[in-house]
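**Student:** Can you look at this prediction? I've put the sequence above it.
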Amino acid sequence: MGIYTQITPQFLKDTVLLGIDLTLDDGSEYPDTVYTQSINSAIKHVESDLGISIEPFSVIGERHDAEKHGRYSYWPFRLDRRPVVSFDAVKNSFWFISTC
């Protein structure tokens with residue numbers, strides 16, 4: 001269950017926006033798209049500020065270069081998207097060319 005299914009327009013109306021007049025000048029209610037767009041924008045803003053993805057995601061085939069001088073030491077994973085919940089596989093496909 002993702003954040004988009006938990007934070008809905010009805011959830012906002014029932015918990016956060018109590019006591020606020022949520023009608024247009026003609027008395028009709030704001031359409032749910034107003035709330036949905038605001039929720040989406042807020043989630044994207046938080047993801048950008050924190051540098052993480054809130055919704056679950058899968059990445060297949062992400063590649064990164066390694067530096068030759070660190071080949072016998074610990075190599076941290078500097079991934080494009082985070083946080084990481086689990087790995088299915090990590091493959092070593094490094095080709096080092098000796099210059100000696």
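**Tutor:** Received the coordinates, thanks.
**Student:** Which secondary structure state does residue 40 sit in?
**Tutor:** Following DSSP: H, G, I helix; E, B strand; the rest coil, residue 40 is assigned to helix.
**Student:** Could you find the closest non-adjacent residue to it?
**Tutor:** residue 4 (7.8 Å; Cβ to Cβ, 6 or more residues apart in numbering). In short, each C-beta sits where N, CA and C put it, glycine included.
**Student:** can I assume residue 39 is in contact with residue 12?
**Tutor:** Yes. Residue 39 is in contact with residue 12 according to Cβ atoms under 8 Å; the separation is 7.4 Å.
**Student:** How much space separates the most centrally placed residue in the chain from residue 46?
**Tutor:** By Cα atoms, centre = their mean, the chain has its centre lying nearest to residue 53, at 1.5 Å. Counting by Cβ to Cβ, to the nearest Å, the separation of residue 53 from residue 46 is 11 Å.
**Student:** Surely the residue nearest to residue 40 is in a helix?
**Tutor:** Yes. Per three-state DSSP, residue 4 lies within a helix segment.
**Student:** Could you count how many residues lie near it?
**Tutor:** For residue 4, the neighbour count with other Cβ atoms under 10 Å is 13.
**Student:** burial of the closest residue in space to residue 7 that isn't next to it in sequence, as a residue count?
**Tutor:** Closest residue to residue 7 apart from its sequence neighbours, by Cβ to Cβ, 6+ apart: residue 39 at 5.4 Å. If you count neighbours by other Cβ under 10 Å, residue 39 ends up with 17.
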